[in-house]
Each structure stands twice: as structure tokens, then as C-alpha cells.
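> what's the 3D shape of this:
(4 chains)
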Protein chains: 2
Amino acid sequence: MDAALLQIEAGESFERLSLRSVARAAGVVPTAFYRHFQSMDELGLALVEESFRTLRAMLRQAREGLPPEHIIHRSVEILVDRVRAHRQHFLFVIRVGSTGNTVLRHAIRNEIRLFTSELATDLARFPVLREWTTEDLQMLAGMLVNTMIATVGAMLDAPVAGPQSEIEIARVAEKQLRLAMLATPHWHSS
Amino acid sequence: MDAALLQIEAGESFERLSLRSVARAAGVVPTAFYRHFQSMDELGLALVEESFRTLRAMLRQAREGLPPEHIIHRSVEILVDRVRAHRQHFLFVIRVGSTGNTVLRHAIRNEIRLFTSELATDLARFPVLREWTTEDLQMLAGMLVNTMIATVGAMLDAPVAGPQSEIEIARVAEKQLRLAMLATPHWHSS
DNA sequence: TGTACATCAGTGAACGCGCGTTCACTGATGTAC
DNA sequence: TGTACATCAGTGAACGCGCGTTCACTGATGTAC
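As a prediction, the model looks like this:
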């Protein structure tokens, strides 16, 4: 799994990653691959699972002990932090999430839907949102998640442009989340 | 180019599309490929260009003659319409836009940035947004574009679930765009 | 504590296959004079 | 109007290569009695 992530980080796409090259990078003969996974798809699914363990940890971290006043600022901070710390996992998820591989794409889409639902549940606790319909909470959560995904995508392309642009991206993300939340008191749900 | 798009529509990813399979689908011998493109990357870039011609036409259509009252509803209608009519192009852009192929990914990211800037310029004409800083207009445009991209992504996965879910996706997209715009009078730019 | 057996990760040879690319070629269509 | 030449898309044989997968194997570690 590490060998695969390393190669993706180096610019390879999971799609054209060969079983043999993964085995090679792992310092093992091609046939040894089969001792661990039946196919590259299975490797991919294992990576999806591992990656989303990271992401769920992030959501948990954001949930507990976030003072409501600075919740947006802190959330973006945590996101930036996590992307830096677990670059490979985010890279994998972002790159494979809209790829041609149907199995992996759906696995990731499902995890993101789950993620969005959890966020919607959290949002329901905000006083302003208490009266909102479930559908509208999902809608809002979806928008926030979309913004975060786009932010991660931009960050992963950013290191080329240096840390300055990373700060810029975080600033924009924070504004976007703030804007979305700013609308909530004026939304008549249902 | 059609042969490549057809195979992508059939579930193949551009990444693992081979020169030979494209030639085969085009009813031509592999070597004939080189009469048209020097490499698969060049084919990809030509497809990026073709696809964004379609997308620019969409923006133009949305710009001209949209009565401000129903502008969001109509925009989503146009988007849904265009995705149905030019499914292959949207599929290509969405799938390749976050892929491992650096050349194509950057080409598409650049086009989307251009697209976002054009939208920002259009937004500047709204009375509510006239006083906004350029940066904030870009921020808002980025958010709207992100929402649209996510919507397209969902739509492209939807046909499996039938036309009912497509209507649902459009409804959510409309709400999300409406929510973002609802915040604008309350945003103190800069 | 010693013996017998099972499990497990890794080995290395071999296979047939589709790949990208080269080369010299063909024959139809377009252009110049 | 006729001739000579250039351009162009497509052909078909050939190459070397990396691929996924099979097979029977090895030797270390764990487990049962």
C-alpha cells in the first residue's frame, strides 16, 4: 500500500499503476503481490478504506472542542493541517474519486456521501439551523463538503507554486465557508 | 477524437486508453494515428479544447438574455440541458480534470480558472455586487463554479439511478446557488 | 522440551498478449505550369 | 486541357518490452501434542 501511494505521489495515476511496478517498489517479486491482494482493484479499495480512516479522524477532531465562534477558521486550519500531514491519502482520494475505475469511484463517492451526512447531523445542532428540514441540511452540508473538496484539490496542486499560494487557498476557502453560513439566518427552509 | 470519447463514455478512462484501441475504434491501422496526433497527450489536449468550446458556448447562452429574476433557475436548466446534450465532453473533462496526467490536468484547471474569471466579470454587473473587491468576486465565482462542477459530477453518475435522481440533483444545485447568492447582501466585502 | 505438521510470504521460470513506435510502401486527391 | 509533382491518410510487417497470471518451489515462523 505504501509503495502504491508513493508512486501516486510521484505523479503516477492509480489507473496506470501496474501490479508489477507496485511489487517492484515494494521490493518484492510480482507473484508475491497475490499474497496480499487478489487484484489492483482490491489494493485500491484497501487504500480507500485507509484514506477515509484519516478523513474520519479529521471530522472527529473538528467536532470535539471547537468553540462555535471560531469554528470556521479552526475547521479550515485543521483541513490544511491534515492535508499537509496525510498528503498521500488526500492525493489518492482526489485523483481516483472521479476516475474511470467505476468500482473505486463509487466506493469513494459513497464515503463522501457518508461524510456529508455526518456533517449534516453536526450542523443540526446549531441554533440557526435547528428548524431546517433534513433535505436542506444535506444541501448545506453538501455545499460545504464541495467547497472543502475543491480546496483540497487546489492545495494538492499548490506546492508547485510554494507555500504562499497555500495560505491564499486557505483564505479563500474560509471566506467561502463563511459566506455559505452567512446566508443561513435568511434561508426559509422548506 | 470521437473514438476516444466513445470509449470514455463506455467506462474506459482516458489514462488507460491505448493508442491502438483508439485507432481500432476509429477503424484505422495503429500507425495512421500518427497522421493526426503525435501522442495520446496531444489527442487529450485537442479534446480539452473541443470540450471547453462547448462549455464556453454554455456560458454565452447563460449570459445573453437571462432575466435577472429567474437567473439561477434558468442557469441550472441550461446546465442540465447542456450536460444531457454533450455528455461525452463533460465526462471527459470531469474524469480527466483530477487525473494523474499532469499535462491534461493543468490544461483543464486553467480552462476552469478562465471560466471562473469570466463568471466573476459577469457577477460584477449585479447591483448587490457592484461594490465588491475583485478578490471577493473571484471567491464567489469560485464557489458557484465548484457547485456546478460537483453537480455535473453527480449527474454523470446519475443515469444509472434514472431521470428521477437527475431532477433531484438539479433541485439541490439550484438551492445551493440560491443560498450562496442569498448571503451576498450581508457580506461586507474587504 | 522435542517433534511433526501447517501456515505463510516470498521465489523464479515461463506463458501469451497488447502495447508504442519504426519503416518503407501505396494510392488517392490537390496544385502548378 | 494535359502533364508532373507534392501532399496526404492510410497500410502492413516487424521490433522489443512490460504486462498479468500460472505453476511448483522454498524456507522461516507458529501451533499441537
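
> For stretch A:34-52, which residues meet the burial criterion?
By neighbour count on 16 or more other Cβ atoms under 10 Å in any protein chain shown, the buried set for stretch A:34-52 is A:37, A:40, A:43-45, A:47-48, A:51-52. To be clear about C-beta, it is placed using only N, CA and C from the backbone, and glycine gets the same treatment.

> contacting residues around it?
The contact list for stretch A:34-52, computed with Cβ atoms under 8 Å, 6 or more residues apart in numbering or on different chains, reads A:1, A:4-5, A:14, A:17-19, A:22, A:86, A:89-90, A:92-93, A:96, A:101, A:103-104, A:107-108, A:111, A:115.

> quick one: that stretch near DNA strand C?
Yes - counting by Cβ under 7 Å from any atom of the strand, DNA strand C is contacted by stretch A:34-52 at A:35-36.

> ok so, going back, are any of the contacts of stretch A:34-52 buried, and which?
Using 16+ other Cβ under 10 Å, the buried ones in the contacts of stretch A:34-52 are A:1, A:4-5, A:14, A:17, A:22, A:86, A:89-90, A:92-93, A:96, A:101, A:104, A:107-108, A:111, A:115.

> hang on, the earlier thing: take the buried residues of stretch A:34-52 and lay them out in a markdown table including pLDDT.
What follows is these, written out as a markdown table (pLDDT from 0 to 100):
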| residue | pLDDT |
| --- | --- |
| A:F37 | 97 |
| A:M40 | 98 |
| A:L43 | 98 |
| A:G44 | 98 |
| A:L45 | 97 |
| A:L47 | 98 |
| A:V48 | 98 |
| A:S51 | 97 |
| A:F52 | 97 |
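
> now, the most widely separated pair of those residues?
A:M40 and A:F52 (18.8 Å; Cβ to Cβ).

> Next step: the contacts of stretch A:34-52 restricted to helices.
A:4-5, A:19, A:22, A:89-90, A:92-93, A:96, A:103-104, A:107-108, A:111, A:115 (DSSP state H).

> Just flag the most distant two among these.
A:L19 and A:F115 (30.0 Å).

> ok, so what distance separates the nearest residue to A:H106 once chain neighbours are set aside from B:F52?
Spatially, and ignoring its direct neighbours in sequence, A:H106 is nearest to B:D157 (7.8 Å; Cβ to Cβ, 6 or more residues apart in numbering or on different chains). The gap separating B:D157 from B:F52 is 22 Å, by Cβ to Cβ, to the nearest Å.

> Could you check the pLDDT of the nearest residue to A:A124 once chain neighbours are set aside?
If the residues on either side of it in the chain are set aside, A:A124 comes closest to A:L137, at 5.8 Å by Cβ to Cβ, 6+ apart. Among the per-residue scores, A:L137 shows a pLDDT of 98.

> A:S190 too?
67.

> Which parts of chain A are helices?
A:2-9, A:19-25, A:40-63, A:71-85, A:87-96, A:102-123, A:134-157, A:163-183.

> do the first one and chain B meet at all?
Yes - with Cβ under 8 Å from any Cβ of the partner chain as the measure, helix A:2-9 is seen reaching chain B through A:I8.

> what do you get for the fourth one?
No - with Cβ under 8 Å from any Cβ as the criterion, chain B is not reached by helix A:71-85; the gap is at least 13.2 Å.
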